[in-house]
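Student: sequence below, structure please.
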Amino acid sequence: MKNIPISREHFEIVYQNLNVSSRIDKDFIYDAYCIAIDGANDLAESNVLGREIPINPVSLILYLINEYGFYLDTTKSTNEQIKEDEKAARIIISTSLDKYFTNEHLDFKNETHISKFSPQISTLSLYINFILGVLNRYRKREPKTTLITDILQKGFSMAKAILELMVSGFETEAFSTWRTIHETECILLLLVSNGDKAIKSYLRHMEYAMAYRGIIPSKEETDAIFVEIKEHMKEHDLKSKDMKKFIEYGWLYSIDSAIETEGFKLNFRDGVERLANLSQYSSNYEMASEIAHSSPLMIYSKSDYYLHLVLLNLFESFFRLEKVFTQIYLNNISKEEADRYLMMRNLYYSQLEVLYHSERQIFAHKFKTVNRLN
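Tutor: Predicted coordinates for the structure are as follows:
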């Protein structure tokens, strides 16, 4: 079946909706698109790809727009120069076609065990997209006032990334990303439960980290921060070699129960995770760390095993993050909006609980004793 270019009128509508930069020559793009369609038909007639492939006009136009912009940037050409240069047009069109066919129709796909339509994925996606939409309405990246919502936004963004990795067949990569979510949720729970004192200390240690990495432009301020760091380290009988871990984890001293906690140390596992009462995840966290550092678990892992493992851990992390989100959200909306949210929450949170318990049963049945390597 021969591909036919969309009309100029239809193209104008597509182009307008793409919000293309004014530096891109619209007339050139349409002419290039029509030539590219002819080129695609020539490929189809010669059966180069072994099958007929219908062209998605929006995708092809986007490739052309971006290749055109790249050509402008790298050659320092003007629109008029590109129009008069047949070689430039050939490069832009042929490169766009190559990328379109390779990336859209010959894209490498891992073997997958779950799809975006699976209830486990689709329900989590729906809920996460809703939450991210709400958080996007809040002020952000102003740590002194937005720290908690900024952490929440990052946690749910990583949860969304995990879902996309799983449906693309990247189970171990999803599990190593859960490791970062787990770190994020532990910090969030400690800050929320310990309030202003912990938040203030956490923010100050962020400034310590900036000074340590040489980010603060003022030498006088940097020097003053290092004096302060050394004074606080002395208070806790820490040595010079402990400076880096004090900068990263010293804010935990602001939590009253920290010093009295058995086995407390300035690190994630014996500090942040232990104080957050989530030490039951230590073995999974360690496993995810091995994968993140390219151990044989990453290279020769059983993908089905890690799919179910990451789903279980993601569900549990999501439930904890969602609880914090709900507390904040309900305190900042009208009764009418709260009623609508709670109605939605009752439906989908209940569905997530059913899916979670089903995943637990599947995991227990399939992987009671399992070698995690092929």
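Student: can you list the domains in this protein?
Tutor: Per automatic domain parsing, the domain ranges recorded for the chain read 8-105, 119-366.
Student: what about the last one, start to end distance?
Tutor: In terms of C-alpha to C-alpha, to the nearest Å, the two terminal residues of domain 119-366 are separated by 20 Å.
Student: now do the first one
Tutor: End-to-end distance for domain 8-105: 26 Å, by C-alpha to C-alpha.
Student: and the host helix or strand of Ile151, which residues are buried?
Tutor: Using DSSP states H and E, Ile151 maps to helix 143-167. Buried residues in helix 143-167, defined by neighbour count with 16 or more other C-beta atoms under 10 Å: 146-147, 149-153, 155-156, 158-160, 162-163, 165-167. No exception for glycine: its C-beta is placed from N, CA and C like everyone else's.
Student: give me the next element, helix or strand, following that helix.
Tutor: Proceeding N to C from helix 143-167, the next assigned helix or strand is helix 171-212, under DSSP H and E.
Student: for that following helix, packing partners?
Tutor: Using 3 or more C-beta pairs under 8 Å, 6 or more residues apart in numbering; DSSP states H and E as the contact criterion, the elements in contact with helix 171-212 are helix 143-167, helix 219-235, helix 243-249, helix 273-275, helix 282-292, helix 296-299, helix 303-330.
Student: so where's the stretch 1-150 of the chain shaky on pLDDT?
Tutor: Across the stretch 1-150 of the chain, the ranges flagged by pLDDT under 70 are 1, 47-52, 107-109.
Student: where does the stretch 251-374 of the chain dip in pLDDT?
Tutor: Counting by pLDDT under 70, the stretch 251-374 of the chain contains low-confidence residues at 297-298, 369-374.
Student: ok, back up a step: dump the helices and strands packed on helix 171-212 to CSV, plus distance to Ser7.
Tutor: As requested, those are exported to CSV (distance: least, C-beta to C-beta, whole Å):
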stretch, distance to Ser7
helix 143-167, 35
helix 219-235, 62
helix 243-249, 59
helix 273-275, 60
helix 282-292, 51
helix 296-299, 50
helix 303-330, 45
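Student: ok, which of those comes nearest Pro5?
Tutor: Each of the helices and strands packed on helix 171-212 was checked against Pro5 via C-beta to C-beta, and the shortest separation belongs to helix 143-167, namely 32.3 Å.
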